[in-house]
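[1] sequence first, then the predicted structure:
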Amino acid sequence: MKITVVGAGAVGASCAEYIAIKNFASEVVLLDIKEGYAEGKAMDLMQTASLNGFDTKITGSTNDYSKTSNSNICVITSGIPRKPGMTREELIGINAGIVKTVSSNLIEHSPNTIIIVVSNPMDTMTYLVHKTTGLPKNRIIGMGGALDSARFKYRLAEALGAPISDVDGMVIGGHSDKGMVPLTRLATRNSVPVSEFISEERLNQVMQDTKVGGATLTGLLGTSAWYAPGAAVSGMAQAIACDTKKIFPCSTLLNGEFGLSDLCIGVPVVLGKDGIEKIVEISLSDAEKAHLTASAEGVSKTNGLLEL
């Protein structure tokens, strides 16, 4: 199991670290355009191997895509990160060109790979990879819902005063401050609806805090977060590598599911060795359907800014 991570910045390095620590990949390749940067990150991470107890080999490369050959999974994190006050959509001009070039280079050396897109605006970058590479739809996956759901569960646990291991919940829709649709109706604490424990007002606050989770961290850190995004990618990669058939909300190309077509947006999917093995078309309330439709309109509007 060989996994390539393009972009050795904070998010890319976190992806590599968490993948290595979970010990399900034989090799992780970090690639970056900055001279020596990926090599340095890889060396630093390898020097934690004996301390963290993993045998995954991590190597770095400065823009040499031949080192990524025959990767089973490729993760694209490259592009400029958000700054305070920026929306994910504002990144489209620069990041579209980067993602298009990176995905083309990856597929040249690993034609059978599965691509996980992290670069923002993520739903639109995932759509761009679909439109420009010709890969089957099951092998192009956007990482947004896994991260947003983790942030949702963090806020739920905080509100409940419960351990996060007791909490389950999911966020669908676009990976944007306005587009996220936290499914509060379906959120549970050890199978009991969270509405049994907290008020509607508090649950609405959880929803709002979840939706601005990324912006909150950008304001505090001065740039995009990296630990939780890296962990989300590692969870998805592990589900694919180990063929676990685990359900994650991911950005995937829809062709009529949920009444939506010709866009990528976050919905529940089963992840396994073939990538997206099934779209799980869960029943939504009228309000949830309306929120998802509005989110899709926002994603489509951003897609319209692409120069395809």
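    Good, I have the coordinates.
[2] identify the residues contacting Lys2.
    Ala25, Ser26, Glu27, Val28, Val29, Asn70, Ser71, Asn72, Ile73 (CB atoms under 8 Å, 6 or more residues apart in numbering). Glycine gets a C-beta too; all of them are placed from N, C-alpha and C.
[3] out of these, which end up buried?
    Taking 16 or more other CB atoms under 10 Å as the criterion, what is buried in the contacts of Lys2 is Ala25, Glu27, Val28, Val29, Ser71, Asn72, Ile73.
[4] could you export these as JSON lines, including pLDDT and secondary structure?
    Shown next, in JSON lines, are these (pLDDT from 0 to 100; DSSP: H, G, I helix; E, B strand; the rest coil):
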{"residue": "Ala25", "pLDDT": "98", "secondary structure": "coil"}
{"residue": "Glu27", "pLDDT": "98", "secondary structure": "strand"}
{"residue": "Val28", "pLDDT": "98", "secondary structure": "strand"}
{"residue": "Val29", "pLDDT": "98", "secondary structure": "strand"}
{"residue": "Ser71", "pLDDT": "98", "secondary structure": "coil"}
{"residue": "Asn72", "pLDDT": "98", "secondary structure": "coil"}
{"residue": "Ile73", "pLDDT": "98", "secondary structure": "strand"}
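[5] returning to what we had before: looking at the contacts of Lys2, which one is closest to Asp209?
    Ile73 (31.6 Å; CB to CB).
[6] sticking with the spatially closest residue to Ile80 that is not a sequence neighbour, tell me its helix or strand.
    Nearest non-adjacent residue to Ile80, counting by CB to CB, 6 or more residues apart in numbering: Ile94, 5.4 Å away. In this structure, Ile94 sits in helix 92-109 according to DSSP states H and E.
[7] the following helix or strand past that helix pairs with which strands?
    Downstream of helix 92-109, the first helix or strand assigned by DSSP H and E is strand 114-117. The pairing partners recorded for strand 114-117 under DSSP bridges are strand 73-76 (parallel), strand 140-142 (parallel).
[8] what lies in contact with the longest one?
    Read that as strand 73-76. 1-7, 12, 15, 68, 99, 102-103, 106, 110, 113-119, 125, 129, 233, 237, 240-241.
[9] please redo it, this time with the cut-off set to 7 Å
    3-6, 15, 68, 99, 102-103, 106, 110, 113-119, 233, 237, 240-241 (CB atoms under 7 Å, 6 or more residues apart in numbering).
[10] pull the distance from that strand to the chain's centre.
    11 Å (CA atoms, centre = their mean, to the nearest Å).
[11] then the last one?
    Taking the mean of its C-alpha atoms, strand 140-142 sits 8 Å from the chain's own mean (CA atoms, centre = their mean).
[12] what's the domain layout of this protein?
    The chain breaks down into these structural domains: 2-143, 145-304 (assignment by the TED database).
[13] by contact count, what packs against the top strand by length along the chain?
    As assigned by DSSP state E, the longest strand anywhere in the chain is strand 261-272. Applying 3 or more CB pairs under 7 Å, 6 or more residues apart in numbering; DSSP states H and E, we find strand 261-272 packed against helix 122-133, strand 171-173, helix 227-241, strand 246-255, strand 275-279, helix 286-303.
[14] what strands line up against the fifth one, and which way round?
    Strand pairing for strand 275-279, using DSSP bridges, gives strand 261-272 (antiparallel).
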